[in-house]
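Novice: how would this look folded up:
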Amino acid sequence: MPGALWVAHVTVTDDEAYGRYAALAGPALAAFGGEFLARGGTAIQKEGRAHPRNVVARFPSLEAANACYESEAYQAALSHAEGASERDLVLIETLD
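Specialist: Numbering: from 1, shown residues only. As a prediction, the model looks like this:
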């Protein structure tokens with residue numbers, strides 16, 4: 001079964017509220033087999049609109065990635081990011 005990635009591009013507008021999101025998001029992802037591959041760090045923007053923060057997480061399947069996003073735990077975390085960031089997020093099935 002192919003794995004999946006979450007790829008997020010984020011501009012944080014409220015550090016305190018976004019910090020609450022980040023503290024809750026990690027355990028929510030882990031509960032669905034997710035692990036962060038990149039969380040911030042240096043990036044070189046080649047095309048499109050740049051965001052200061054880029055995040056990549058790996059999941060065992062697209063179904064697990066989507067179930068995580070839809071979960072109560074992640075939605076509770078996400079409530080802190082809304083209004084505290086501008087985000088683009090895509091869930092992508094890998095070629096595995």
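Novice: Could you point out the helix or strand that follows the longest helix along the chain?
Specialist: If you go by DSSP state H, the chain has its longest helix at helix 15-30. Next in sequence after helix 15-30, counting helices and strands by DSSP states H and E, comes strand 35-39.
Novice: Contacts for whichever helix or strand comes after that following strand, please.
Specialist: For strand 35-39, the following helix or strand on the C-terminal side (DSSP H and E) is strand 53-59. Strand 53-59 is contacted by residues 3-12, 29, 32-41, 43, 65, 68, 94 when judged by Cβ atoms under 8 Å, 6 or more residues apart in numbering. Heads up, the C-betas are built off the backbone N, CA and C, glycines and all.
Novice: Would you list the buried entries among the residues you listed?
Specialist: Listed as buried from the contacts of strand 53-59 are 3-6, 8-10, 12, 29, 32-34, 65, 68; burial here means 16 or more other Cβ atoms under 10 Å.
Novice: ok, of those residues, which one's closest to Leu89?
Specialist: Ala8 (4.5 Å; Cβ to Cβ).
Novice: so what's the closest one scoring on pLDDT?
Specialist: Each residue has a pLDDT score; the one for Ala8 is 96.
Novice: Confirm it sits in a helix?
Specialist: No - applying DSSP: H, G, I helix; E, B strand; the rest coil, one finds Ala8 to be strand, outside a helix.
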